[in-house]
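Student: Pasting the sequence and the predicted model now:
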Amino acid sequence: MHDSTGAWELPEELRMLRDTIRRFMVEEVKPVEDKLPHDAYTLEPEPLKTLQKKARDIGLWCLETPAEHGGAGLNLLGQCVAAEETAKCRMGAYIAGCGAFGFDPPNVIWKGTEAQIRKYGHVNVETGDKAFVAISEPSGGSDPGRAITTRAEKKGDRYVINGTKIWISGAGQAKWGIVFARVGDNKSRGGITSFIVEKDKPGISLSKIPVIRSYSPYEVHFDNYEVPEENRLGEEGKGFALAEEWLIHARPPYAAATIGIAQAALSLATEWATQRKAFGGTLAEKQAIQWMIADSEVELRAARLLVYQAAWNADMGRDIKVDASICKVYGTEVAGRVVDRCIQIFGGLGVAQEMPLERWYRELRIKRIGEGPSEVHRMVIARDILGAKRPGA
């Protein structure tokens, strides 16, 4: 990650990846999305299939999925570079590239048996369909290891699941998902087991939860839902370890996507400032506007480097639990501030649906809660710094 002069830079292959995705988004995705309503979160089937074929043809398919399973096989740094660029569209906060690059199966599926990988993982990579992950519950989503009350009772060669999951994105569009439930009497993290569930079986019901984004999450309820033993993912009691690894490694790309949206917003605002005339000159000549733009650029560069550092450490095989929390907090909070400033630069036009800014503003607000709220990540960071120095530790 250094050039011949010793300066830090992205590897050449990732710069090429970034530029290729950037062109694809501008030349292929944006013209299709521009025809959709402001809050659309899906493309019509035919335009989507056309975009997906074009993406497949140039090797941009299921970017996070290992190459041996049919995906692009990007390392975590590559995933972050891709996440930033694929987020630069109206629906990019939750539907990367409008779905053009397919929807990666939850990467915990690759920890499954060969039969599970073939039946669920490979099928989803081939079709580009969604799958969901159900961890959070009404009892508390920020401490899933202890808050999970959904139970799976072993009965012969199957498990019977009862309980409710909440805030589950993609559940309405998916055919299957991975659910984390408690088995036995262990009330700690060691009692959590993961299961593959199919939506077309009896005992599962969904209800949409209206929120400030159009892409609504779901409540998923299990009522004596039967799962065959072969659909248990991993060993009994090892589910939380699978969930934690997935969550930690999902945070740098999650933050990167918010940075991509904010960078796109800043580009729009910068161009507007150079054209808009007010008080005898352009907005760009006004110090207040200049400082908004400068502050935004400084914060975005810092956030991006924190994301890159976390991803690079992960690719080096290092523990990134704290790195991931740092970049998630800073990236999502910076992105919100930048989009807020950009709306201010545009004035009334900034909150009009003629622009994507008001949608990004709403959807980025959720990003400070999803994948663990900022406050929980600050606890993780503080505990690492203070360690044994904490009172009572």
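Tutor: Looks like it came in fine. Numbering: from 1, shown residues only.

Student: Every contact and neighbour count from this point should use C-alpha atoms.
Tutor: OK.

Student: all helices of the protein, in order?
Tutor: Listed in chain order, the helices of the chain (DSSP state H) span 12-24, 30-33, 45-57, 76-86, 114-116, 123-127, 144-147, 239-275, 287-315, 321-346, 357-367, 374-386.

Student: Phi and psi next, for the closest residue to residue 126 other than its chain neighbours.
Tutor: Closest residue in space to residue 126, ignoring its immediate chain neighbours: residue 70 at 7.7 Å, by CA to CA, 6 or more residues apart in numbering. Dihedral pair for residue 70: phi 100, psi 0, per degrees, to the nearest 10.

Student: Next, the contact list for residue 70, please.
Tutor: 62, 122, 125, 126 (CA atoms under 8 Å, 6 or more residues apart in numbering).

Student: What about the nearest residue to residue 329 once chain neighbours are set aside, how many residues nearby?
Tutor: Leaving out its chain neighbours, the residue that sits closest to residue 329 by CA to CA, 6+ apart is residue 374, at 5.3 Å. The local packing of residue 374 (other CA atoms under 10 Å) involves 20 other residues.

Student: ok, now how distant is residue 374 from residue 324?
Tutor: Remark: distance between residue 374 and residue 324 (CA to CA, to the nearest Å) = 12 Å.

Student: The stretch 51-200 of the chain: strands as residue ranges?
Tutor: With strands called from DSSP state E, counting those that start in this stretch, the stretch 51-200 of the chain shows them at 132-134, 151-155, 158-168, 176-182, 192-198.

Student: got a markdown table for those, with mean pLDDT too?
Tutor: What follows is the strands of the stretch 51-200 of the chain, written out as a markdown table (pLDDT from 0 to 100):
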| stretch | mean pLDDT |
| --- | --- |
| strand 132-134 | 95 |
| strand 151-155 | 95 |
| strand 158-168 | 97 |
| strand 176-182 | 96 |
| strand 192-198 | 96 |
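
Student: how about CSV for the ones you listed, with mean neighbour count and distance to residue 87 added?
Tutor: Shown next, in CSV, are those (neighbours: other CA atoms under 10 Å; distance: least, CA to CA, whole Å):
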stretch, mean neighbour count, distance to residue 87
strand 132-134, 22, 20
strand 151-155, 18, 36
strand 158-168, 21, 20
strand 176-182, 25, 24
strand 192-198, 24, 29
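
Student: Wait, residue 181 touches residue 149, no?
Tutor: Yes - under the criterion of CA atoms under 8 Å, residue 181 makes contact with residue 149 at 7.1 Å.

Student: circling back: who are the contact partners of the residue nearest to residue 329?
Tutor: Going by CA under 8 Å, 6+ apart, the list of residues near residue 374 reads 328, 329, 368.

Student: Number of residues surrounding residue 71?
Tutor: Applying the criterion other CA under 10 Å, we find 22 residues in the vicinity of residue 71.

Student: hang on, it packs against residue 58?
Tutor: No - using CA under 8 Å, residue 71 is not in contact with residue 58, being 12.0 Å away.

Student: that older thread, mind checking how far the residue nearest to residue 329 is from residue 34?
Tutor: Here the criterion is CA to CA. By it, residue 374 lies 33 Å from residue 34.

Student: Give me the helix or strand of the protein that scores worst on average pLDDT.
Tutor: helix 144-147 (a mean of 73; mean pLDDT, DSSP states H and E).

Student: any idea how far the residue of the chain most remote from its centre is from residue 81?
Tutor: What lies farthest from the middle of the chain is residue 280; by CA atoms, centre = their mean that is 43.8 Å. Separation of residue 280 from residue 81 (CA to CA) stands at 41 Å.

Student: do residue 372 as well
Tutor: 22 Å.

Student: the more surrounded of those two?
Tutor: Each of residue 372 and residue 81 has its neighbours counted (other CA under 10 Å); residue 81 has more, 26 against 18.

Student: How about the more buried one: what's its closest non-neighbour residue?
Tutor: Of all residues not flanking residue 81 in the chain, residue 18 sits nearest, at 6.2 Å (CA to CA, 6+ apart).

Student: list the contacts for the one you found?
Tutor: 81, 82, 85.

Student: Low-confidence ranges, the stretch 101-250 of the chain, go.
Tutor: Along the stretch 101-250 of the chain, the parts satisfying pLDDT under 70 run over 141-145.

Student: is the closest residue in space to residue 238 that isn't next to it in sequence in a bridge, and if so with what?
Tutor: Sequence neighbours aside, residue 193 is the residue nearest to residue 238 in space, at 5.8 Å (criterion: CA to CA, 6+ apart). Beta-bridge partners recorded for residue 193 (DSSP bridges): residue 181.

Student: Might one say that residue 193 is in contact with residue 184?
Tutor: No - in this structure, residue 193 is not within contact of residue 184 by CA under 8 Å, at 9.9 Å.

Student: ok, the nearest residue in space to residue 380 that is not next to it in sequence - contacts?
Tutor: Of all residues not flanking residue 380 in the chain, residue 322 sits nearest, at 6.6 Å (CA to CA, 6+ apart). By CA under 8 Å, 6+ apart, the contact list for residue 322 reads 380, 381, 384.

Student: Check the gap between residue 322 and residue 306 for me.
Tutor: For residue 322, the distance to residue 306 equals 11 Å [CA to CA].

Student: Could you report the separation of the residue lying closest to residue 82 once chain neighbours are set aside from residue 25?
Tutor: Spatial nearest neighbour of residue 82, chain neighbours left out: residue 18 (6.4 Å); criterion: CA to CA, 6+ apart. According to CA to CA, residue 18 stands 11 Å off from residue 25.

Student: Could you do residue 323 as well?
Tutor: Distance of residue 323 to residue 25, given as CA to CA: 29 Å.

Student: Repeat that for residue 166.
Tutor: Counting by CA to CA - residue 166 and residue 25 are separated by 32 Å.

Student: same thing with residue 215?
Tutor: Per CA to CA, residue 215 is found 21 Å from residue 25.

Student: on that earlier part again, kindly list the main-chain dihedrals of the residue farthest from the centre of the chain?
Tutor: Note on residue 280: its backbone torsions stand at phi 80, psi 10 [degrees, to the nearest 10].
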